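Asker: Need coordinates for the below:
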Amino acid sequence: MAYATSEMMWLKNLLLEFGFRHFEPMPMFCDNRFAIYIAQNQEFHERTKYIEADCHLLRDALTKKVISLPFTPSSKQLADLLTKAASPKVFSVLCSKLSMVNIYTPT
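Answerer: The predicted structure follows:
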């Protein structure tokens, strides 16, 4: 999430240099509720001591309203189609959202 945040901040600055202004936070869709909670929580716990450096960048972007972290269930994550095994129903729904068609289907 920290890497995606830095890329989003870079892209926003690039668009700003081209003259495009965008004042709303950019949504970073996440399917991990615990990661969202850690990013929004102001205090660290014993379990999170090794990820403090990444959290600072993410928290900074959240407080400056550069990004927002809406929860998106795994069944609606389009990238999961390429990275995780999915049931046939979820697979076909995600393929249709990406406008993928079976080229071997008889017409």
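Asker: and the longest helix that the chain contains, which residues are buried?
Answerer: For the chain, the longest helix by residue count, based on DSSP state H, is helix 2-17. By neighbour count on 16 or more other C-beta atoms under 10 Å, the buried set for helix 2-17 is 5, 8-9, 12. The C-beta positions use only the backbone N, C-alpha and C, and glycine is treated the same way.
Asker: ok, now stretch 24-35?
Answerer: Neighbour count says stretch 24-35 has 25, 28, 30, 35 buried, by 16+ other C-beta under 10 Å.
Asker: A strand includes the last one, no?
Answerer: When you say that, I think you mean residue 35. No - remark: residue 35 does not belong to a strand; assigned using DSSP: H, G, I helix; E, B strand; the rest coil, it is helix.
Asker: contacting residues for the closest residue to it other than its chain neighbours?
Answerer: By the measure of C-beta to C-beta, 6 or more residues apart in numbering, the closest residue to residue 35 outside its immediate chain neighbours is residue 1, 6.2 Å from it. By C-beta atoms under 8 Å, 6 or more residues apart in numbering, the contact set of residue 1 is 28, 30, 35, 39, 54, 58.
Asker: Kindly state the pLDDT recorded for the second one?
Answerer: It refers to residue 30. On pLDDT, residue 30 comes in at 86.
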